[in-house]
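Asks: Model the structure of this input:
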Amino acid sequence: MKFNNLTKFSLIAAMAVSMGIAGGSADAADRVLKIQTSSNASHASLAYLNDVWIPKLEAMTGGTLGVELLPVDAVVPRRETAEAISVGILDGDLTSINYFAGIDPAFALMGDLIAGYDSADQIQAFCAQGGGKEMLQKLYDAHFEGVHVIGCGAYAREAFVSKVPVRTVADLKGLKIRSPEGLAADVFKRAGAAPVSMSGSETYGALDKGVIDAADNSAYANNDANGMHKIAKFPIFPGIHSTPILQFTVSEAVWEELTEAEQVALETWYLAAYNGLRQHFDRLDRQLVARDKAAGEIEVIDWPQGERDKLRAIAQEAWEAFASQSDLAKEVYNAHISFMKEAGLL
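Replies: From the prediction side, this is the model:
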């Protein structure tokens, strides 16, 4: 086996939880895939997929196939989903590629090219038509066993949550910012900030208590749903830094058990669902921003393009540094750069 991070305790506990979930299910489809996500239970993105798109997959397959989307850490810790899929604890995941950055810096570059893309739509194009999906499968083949990549994509550029006004790159200096480990933290550090690693579930409390000043957290709508803007009244929108790429994977064993029609349906469903999710969040984010601007209790900051370009220049140094750390990281970097040049971003 290529994996070794799933401890014996985690394995036993996860199997027990997974069996409990399956045992208590009352699903309509003949077969329901247990998919752990990177979303908190309160996230608007999870609610949207459950309400709008889960029923569509059952309709597309005539009731033979469905999925159950589980919140982050529901069965196994967020960084152990790939191992759990490999050994059959989970059927798949719909989660952040960034969680596996500690295994290979290639996952960091694949998971979020910080300050790189201007929109989630560009990332969806990279994954579907620009070789991103194939590159991700290559990473899994190198580091795990039995994981099949159905697709990857992004649904929103994250809005920056802050308790203090951050209007320029210079304003980042000295700020304590909640940030994922790896590439995002490196970019913030190069910009003069002090990145702090913590779970997204800990962010609200850390902001409230003054442990951190700001956070790389989530889409504007998710931050609104989580109450972030009640204590952090200076969000930056559109975001300046992160457009995280999420993966949709299933175990190879599960994939091979599906009929060809079910395989096509699952791939088509994912592409349609994520396109719908992107459009939904773009509209929802903008509606909430307009509401908050009109209310006047929150100052929504929009960086000028010149400042965004400054941060991208800083980020490019970090991309190159990460690309030099492994052969696969270099391949991911080259795939991004090639696509971005074709798209006119570089």
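Asks: what about M340, how many neighbours?
Replies: 18 (other CB atoms under 10 Å). C-betas here are computed from N, CA, C, even on glycine.
Asks: Contacts only, for it.
Replies: Taking CB atoms under 8 Å, 6 or more residues apart in numbering, we find M340 in contact with G116, Y117, L346.
Asks: Show me which of these are buried.
Replies: The neighbour count (16 or more other CB atoms under 10 Å) marks G116, Y117 as buried among those.
Asks: Does I54 touch M60 like I think?
Replies: No. At 11.1 Å, I54 does not count as touching M60 under the criterion of CB atoms under 8 Å.
Asks: how about the nearest residue in space to A156 that is not next to it in sequence, what does it touch?
Replies: Nearest residue to A156 in three dimensions, chain neighbours excluded: A219, at 3.7 Å (CB to CB, 6 or more residues apart in numbering). Neighbour list for A219: A44, S45, Y155, A156, R157, E158, A159, F281, D285 [criterion: CB under 8 Å, 6+ apart].
Asks: Which among the residues you listed count as buried?
Replies: Members of the contacts of A219 that pass the buried threshold by neighbour count (16+ other CB under 10 Å) are listed as A44, S45, Y155, A156, R157, E158, A159, F281, D285.
Asks: And the lengthiest helix in the chain, what does it pack against?
Replies: Counting residues, the longest helix found in the chain (DSSP state H) is helix 260-295. The contact analysis (3 or more CB pairs under 8 Å, 6 or more residues apart in numbering; DSSP states H and E) places helix 260-295 against helix 44-48, helix 54-60, strand 65-70, helix 120-129, strand 147-153, helix 220-225.
Asks: list the buried ones in it?
Replies: Buried residues in helix 260-295, counting neighbours by 16+ other CB under 10 Å, are found at 262-263, 265-266, 269-271, 273-278, 280-282, 284-285, 288-289, 292.
Asks: any idea of the pLDDT on I21?
Replies: You'll see I21 listed with a pLDDT of 47.
Asks: How about D171?
Replies: With respect to pLDDT, D171 has a value of 98.
Asks: could you pull out the strands for this protein?
Replies: With strands called from DSSP state E, the chain shows them at 31-37, 65-70, 92-96, 147-153, 159-162, 176-178, 194-196, 214-218, 246-251.
Asks: Could I get those strands in JSON lines, plus columns for mean pLDDT and distance to E134?
Replies: Shown next, in JSON lines, are the strands of the chain (pLDDT from 0 to 100; distance: least, CB to CB, whole Å):
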{"stretch": "strand 31-37", "mean pLDDT": "97", "distance to E134": "22"}
{"stretch": "strand 65-70", "mean pLDDT": "97", "distance to E134": "23"}
{"stretch": "strand 92-96", "mean pLDDT": "96", "distance to E134": "18"}
{"stretch": "strand 147-153", "mean pLDDT": "97", "distance to E134": "8"}
{"stretch": "strand 159-162", "mean pLDDT": "92", "distance to E134": "31"}
{"stretch": "strand 176-178", "mean pLDDT": "96", "distance to E134": "33"}
{"stretch": "strand 194-196", "mean pLDDT": "95", "distance to E134": "31"}
{"stretch": "strand 214-218", "mean pLDDT": "88", "distance to E134": "28"}
{"stretch": "strand 246-251", "mean pLDDT": "98", "distance to E134": "13"}
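Asks: Would you mind giving the ones you listed as CSV with distance to A84 added?
Replies: Compiled in CSV, the strands of the chain are given as follows (distance: least, CB to CB, whole Å):
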stretch, distance to A84
strand 31-37, 8
strand 65-70, 11
strand 92-96, 8
strand 147-153, 10
strand 159-162, 30
strand 176-178, 26
strand 194-196, 28
strand 214-218, 23
strand 246-251, 9
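Asks: got a pLDDT number for F281?
Replies: Reading off the confidence values, F281 has pLDDT 88.
Asks: Could you do the one 3 residues further on as well?
Replies: According to the predicted model, the pLDDT of L284 comes to 91.
Asks: for it, what are its contacts?
Replies: Applying CB under 8 Å, 6+ apart, we find L284 in contact with A44, A221.
Asks: at 6 Å instead, please
Replies: A221 (CB atoms under 6 Å, 6 or more residues apart in numbering).
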